[in-house]
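**Student:** Sequence and predicted structure below; questions after.
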Amino acid sequence: LQLVESGGGLVQPGGSLRLACEISGFSRDPIAVGWFRQAPGKEREGVACISFTGHNIQYLDSVKDRFTISRDNAKNTYYLQMNGLKPEDTALYYCASELTSAQAKCEMTAPPYDDWGQGTQVTVSL
């Protein structure tokens, strides 16, 4: 699969951004999708994920009530709406996909995701 992120940028604290992840190159095989981020000098961490069925959605504790993951099946695009952004949200954000038979699950760790986008930079600063 090919994943392309967009929507990053520079925003002031308290602002909002919507990241998009367009996925191409697949049939209708079930996939789970996750959003991850990596700040300089830190490990990559899972931010949010959504299962194939959409019934299982998980968030990193620090972004709960601020970030929302969603998808548009017609456009094969997944979104991460980020509100109330904080300087500590500054990072390179990636989306990733996992072909999975566990249609009602998604993971917040980098394995077992198979394919990754190149990332989009989010910078939160005055």
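**Tutor:** All right, it came through fine.

**Student:** Let me know the helix or strand that the residue nearest the centre of the chain is in.
**Tutor:** With distances taken as Cα atoms, centre = their mean, the residue of the chain nearest its centroid is residue 35 (2.1 Å). Using DSSP states H and E, residue 35 sits in strand 31-38.

**Student:** Can you name the next helix or strand after that strand?
**Tutor:** strand 45-50.

**Student:** and the angle for that next one with strand 31-38?
**Tutor:** 160 degrees (axes from the mean of the first three to the mean of the last three Cα atoms, to 10 degrees).

**Student:** Tell me which strands the next helix or strand after strand 45-50 pairs with, and in which orientation.
**Tutor:** The helix or strand immediately downstream of strand 45-50 is strand 57-59, counting by DSSP H and E. Next to strand 57-59 in the sheet, as set by DSSP bridges, lie strand 45-50 (antiparallel).

**Student:** by contact count, what packs against the strand holding residue 35?
**Tutor:** strand 17-24, strand 45-50, strand 67-72, strand 77-82, strand 91-99 (3 or more Cβ pairs under 8 Å, 6 or more residues apart in numbering; DSSP states H and E). In short, each C-beta sits where N, CA and C put it, glycine included.

**Student:** again, only using 10 Å
**Tutor:** When contacts are defined as 3 or more Cβ pairs under 10 Å, 6 or more residues apart in numbering; DSSP states H and E, strand 31-38 packs onto strand 17-24, strand 45-50, strand 67-72, strand 77-82, strand 91-99, strand 115-116.

**Student:** Of all the ones you listed, which one comes closest to residue 9?
**Tutor:** strand 17-24 (6.3 Å; Cβ to Cβ).

**Student:** mean confidence for that closest one?
**Tutor:** For strand 17-24, the mean per-residue pLDDT is 96.

**Student:** now swap in stretch 60-72 and tell me
**Tutor:** Here the average pLDDT along stretch 60-72 is 97.

**Student:** what angle do the strand holding residue 35 and strand 67-72 make?
**Tutor:** Going by the same axes, to 10 degrees, strand 31-38 makes 140 degrees with strand 67-72.

**Student:** in strand 31-38, what counts as buried?
**Tutor:** 31-37 (16 or more other Cβ atoms under 10 Å).
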